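Visitor: How does the following fold in three dimensions:
(2 chains)
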Amino acid sequence: MIELFTYDFMQRSLLAAAMVGGLCSVVGVFVVLRGLAFVGAGTAHAAFAGVALGYLMGWPPLVLAILFGLATVWITGWVEEKGRMKLDVSIGILYTTTMALAILFIGLMKTYNAEVYGYLFGSVLSVTSEELRVIGWLSVLVLGLIVLFSKELYFIAFDQEMAEASGVPARRIFFLLLTLVALTVVVSLKTVGAILVFAMILIPASTAYQLTSSLRTLTLYSIVIGVTTAVAGVVISATWDVPSGPAIVLLATTVFFISVLFSPKRMKRAVQAHAH
Amino acid sequence: MSDSLEPIIRFDHASFGFPGVIALKDISLSINAGEFVGVIGPNGSGKTTLCRAILGLMAPVEGHLHIFDCACDALRCHHRAKIGYLPQKGVVDRNFPVTVLETVMMGRYGALGLFTRPGAKDRAIAMEALSHVEMDKHKDTALGHLSGGQQQRVFIARALAQQPKVLLLDEPTTGLDMTAQHNVIELIEHLHDELRLTIVLITHDINMIRSRVDRLVLLKTRLYAAGPPADVLKPEILSQVYGKDLVITDKDLIIVEDYHHHH
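Guide: The predicted structure is shown next:
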């Protein structure tokens, strides 16, 4: 077991998992609080379509993943802002359209390409040094922007209209949040895959939500849960030779259900109901 | 009564809405510094539109709106932080994982601007706002653990933390029990007297406010009447606006279907 950690690929995988786990869990706090759950899922599939087009045309897949992801969240945000369509409807249409494009691009490839499927299902154990550097730089960028605008991001998650009425540039901050969601999805694609990346964003923050009623503590708990489950999932994956994406997500889901069972908020409500 | 006749919110033949749907038409109204103004009207009369206009969230499609001498015609009013706002109950998620002090601190963010972190001074202002609404002892309590009336107090403190000139309250007593309703209105009256704040209170509850406000503004898509409560709450005006006959007794405003038969 200890021997595992001496391999380069394992060290790269653990580092990638820790970074992606931490990044997703921080962005996830704002996604959960602002009610953007479906946007994350839609973006993941759009980014995958970008990857598929990249491999089909021989263009850099990550750059196209970023372009597809950003286009999806910006169109969604614009449609919501203009009040033309409900958010879940517009993202639902873009979600299925981009997935159809991804299937089309894969179908147009002359040969089977295992790397494309790596982005769909995740393959953290095959992360290269170059990919690790890209994950590292994008993580620094996203986390830096979150730290810089954290107070505004918390405020628009609480109530965007109230934030705008108070003089906060709420609409611009909302588009910044959508951009951060898209970048986070792209960063995480290789590690957990397009299908499961959204769980990495949603589950740690939702687990932390069960445990605290303070914003700062919620963010801290979410990071701890995100990093721990991602790293532990990689170890499980390498030890028992199971796919890494499902290992991480199923572990995080288990922690989520335990947190629901032992949620102090839930217990307090139960005590209050009993007292009444 | 108002301290002076210095108008701080001025609607000049202003209309609001979207192309083809005008929610408020041809409003001319001035609200003066230190005034306590109640805005009343039936559902769909444009009360919330008026509220959004004052907040700078809607520009007039016709006419002009000036807030603190700033034209808000292009939605570029820079005085939003001077207007403390209490949204309708139910607009925000009151089980959001946030403590009382964290909620009130949000009132400082607009004035601080981007890139500036709240400091000791902002915390002191937030604590002072909490003490004004007598919620300072609950500063570390989760917002979701408070009663509806206490949550309203916290939201009023959040508005006060902006150090506003105007307090804009949208249906502050809706959904509260009778005692909490009374306490919230008393608190608003107290803040008006003690902090010399201009209060704009939007409500359905005419009885609750009619003895407390300097002026009532009665809306029904357009400005139907504005003035001292006794001038606005006339049976003939109310029956036109509400579509039912209403009479004013010493204590209450009551609906009578056959008012004209009585007289």
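Visitor: Name the residues that touch the helix or strand in which residue A:161 is found?
Guide: Using DSSP states H and E, residue A:161 sits within helix A:150-165. Residues outside helix A:150-165 that contact it (Cβ atoms under 8 Å, 6 or more residues apart in numbering or on different chains): A:29-30, A:33-34, A:146, A:166, A:168-171, A:173-174, A:176-177, A:215, B:55-57, B:80, B:83, B:85, B:87, B:91-93, B:96, B:98, B:103, B:106, B:109-110, B:112, B:114, B:117-118. Every residue, glycine included, has its C-beta placed from N, CA and C.
Visitor: In helices only, show me the residues you listed.
Guide: Among those, the members falling in helices (DSSP state H) are A:29-30, A:33-34, A:146, A:170-171, A:173-174, A:176-177, A:215, B:103, B:109-110, B:112.
Visitor: and residue B:27, that's in a strand?
Guide: Yes: applying DSSP: H, G, I helix; E, B strand; the rest coil, one finds residue B:27 inside a strand.
Visitor: Am I right that it is in contact with residue B:63?
Guide: Yes: the pair residue B:27 and residue B:63 qualifies as a contact (Cβ atoms under 8 Å) at a distance of 7.4 Å.
Visitor: what sits against the residue nearest the centre of chain A?
Guide: For chain A, residue A:201 is the residue whose C-alpha lies nearest the centre (Cα atoms, centre = their mean; 3.6 Å). By Cβ under 8 Å, 6+ apart, the contact set of residue A:201 is A:24, A:25, A:27, A:28, A:31, A:40, A:181, A:184, A:185, A:188.
Visitor: mind listing what residue B:179 touches?
Guide: So residue B:179 contacts residue B:149 (Cβ under 8 Å, 6+ apart).
Visitor: one step back: pick the one among the contacts of residue A:201 closest to residue A:82.
Guide: residue A:181 (19.5 Å; Cβ to Cβ).
Visitor: The closest one: how many residues sit nearby?
Guide: Number of residues near residue A:181 (other Cβ atoms under 10 Å in any protein chain shown) recorded here: 30.
Visitor: Local confidence estimate at it?
Guide: pLDDT, residue A:181: 94.
Visitor: State the helix or strand in which it lies.
Guide: Following DSSP H and E, one finds residue A:181 within helix A:170-192.
Visitor: right, is that helix up against chain B?
Guide: No: contact of helix A:170-192 with chain B (Cβ under 8 Å from any Cβ of the partner chain) is absent, the minimum separation being 8.8 Å.
Visitor: My guess is residue B:199 contacts residue B:188. True?
Guide: Yes: proximity of residue B:199 to residue B:188 meets the contact threshold set by Cβ under 8 Å, at 6.3 Å.
Visitor: what touches both of those two?
Guide: B:167, B:169.
Visitor: residues touching the residue nearest to the spatial centre of chain B, list them.
Guide: Note on chain B: the residue nearest the mean C-alpha position is residue B:169, at 2.4 Å, using Cα atoms, centre = their mean. Residue B:169 sits next to B:85, B:86, B:156, B:188, B:199, B:200, B:201, B:202 when contact means Cβ under 8 Å, 6+ apart.
Visitor: In the lengthiest helix in chain B, which residues are buried?
Guide: Longest helix of chain B, by residue count under DSSP H: helix B:178-195. Neighbour-count burial for helix B:178-195 flags B:180, B:181, B:183, B:184, B:185, B:187, B:188, B:189, B:191, B:192 (criterion: 16 or more other Cβ atoms under 10 Å in any protein chain shown).
Visitor: can you put those in JSON lines and add pLDDT?
Guide: Formatted as JSON lines, those follow (pLDDT from 0 to 100):
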{"residue": "B:180", "pLDDT": "87"}
{"residue": "B:181", "pLDDT": "89"}
{"residue": "B:183", "pLDDT": "89"}
{"residue": "B:184", "pLDDT": "90"}
{"residue": "B:185", "pLDDT": "91"}
{"residue": "B:187", "pLDDT": "91"}
{"residue": "B:188", "pLDDT": "93"}
{"residue": "B:189", "pLDDT": "92"}
{"residue": "B:191", "pLDDT": "91"}
{"residue": "B:192", "pLDDT": "93"}
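Visitor: Show me which of these is closest to residue A:58.
Guide: Of all the buried residues of helix B:178-195, residue A:58 sits closest to residue B:184, with 65.7 Å by Cβ to Cβ.
Visitor: Would you mind measuring from the closest one to chain A?
Guide: Residue B:184 is 18 Å from chain A, where distance means Cβ to the nearest Cβ, to the nearest Å.
Visitor: Residue B:173 is in contact with that residue, correct?
Guide: Yes: counting by Cβ under 8 Å, residue B:184 touches residue B:173, with 5.5 Å between them.
Visitor: What parts of chain B come near chain A?
Guide: Where chain B comes near chain A, counting by Cβ under 8 Å from any Cβ, the residues are B:55-57, B:78, B:80-81, B:83, B:85, B:87, B:91-93, B:96-99, B:102-103, B:106-107, B:109-112, B:114-115, B:117-118, B:142-145, B:162.
Visitor: Now with 6 Å, please.
Guide: Applying Cβ under 6 Å from any Cβ of the partner chain, we find that chain B lies next to chain A at B:55, B:80-81, B:85, B:87, B:92, B:96-99, B:102, B:106, B:109-110, B:142.
Visitor: pLDDT check: weakest of those residues?
Guide: Lowest pLDDT within the residues of chain B next to chain A is found at residue B:92 (67).
Visitor: does the residue lying closest to residue A:94 once chain neighbours are set aside count as helix, strand or coil?
Guide: Distance criterion Cβ to Cβ, 6 or more residues apart in numbering or on different chains; nearest residue to residue A:94, sequence neighbours excluded, is residue A:72 at 5.1 Å. Taking three-state DSSP as the rule, one finds residue A:72 in the helix state.
Visitor: Check the one 3 residues further on too.
Guide: State at residue A:75, reduced to three classes by three-state DSSP: helix.
Visitor: Could you count how many residues lie near it?
Guide: Residue A:75, neighbours per other Cβ under 10 Å, totals 16.
Visitor: In CSV: the buried residues of helix B:178-195, plus distance to residue A:92.
Guide: CSV is the format used below for the buried residues of helix B:178-195 (distance: Cβ to Cβ, whole Å):
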residue, distance to residue A:92
B:180, 41
B:181, 42
B:183, 45
B:184, 41
B:185, 44
B:187, 45
B:188, 43
B:189, 49
B:191, 46
B:192, 48
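Visitor: just to revisit the earlier point, ok, the contacts of residue A:201 vs residue B:42, which is closest?
Guide: Nearest to residue B:42 out of those is residue A:31 (Cβ to Cβ; 39.3 Å).
Visitor: ok, now which ones touch that closest one?
Guide: The neighbourhood of residue A:31, defined by Cβ atoms under 6 Å, 6 or more residues apart in numbering or on different chains, consists of A:40, A:201.
Visitor: mind checking how far it is from chain B?
Guide: From residue A:31 over to chain B the distance is 14 Å, taken as Cβ to the nearest Cβ.
Visitor: got the contact list for the closest residue to chain B within the stretch 51-200 of chain A?
Guide: Of all residues in the stretch 51-200 of chain A, residue A:167 sits closest to chain B, at 3.0 Å by Cβ to the nearest Cβ. When contacts are counted by Cβ under 6 Å, 6+ apart, residue A:167 touches B:80, B:81, B:110.
Visitor: In the chain, what residue spans correspond to helices?
Guide: Defaulting to chain A. Under DSSP H, chain A gives helices at A:8-34, A:37-57, A:61-82, A:87-108, A:114-121, A:129-148, A:150-165, A:170-192, A:197-211, A:215-240, A:244-261, A:264-275.
Visitor: Correction: the question concerned chain B.
Guide: Going by DSSP H, chain B shows helices at B:47-54, B:100-105, B:109-112, B:120-132, B:148-160, B:178-195, B:206-209, B:229-232, B:235-242, B:259-262.
Visitor: Much appreciated, bye for now.
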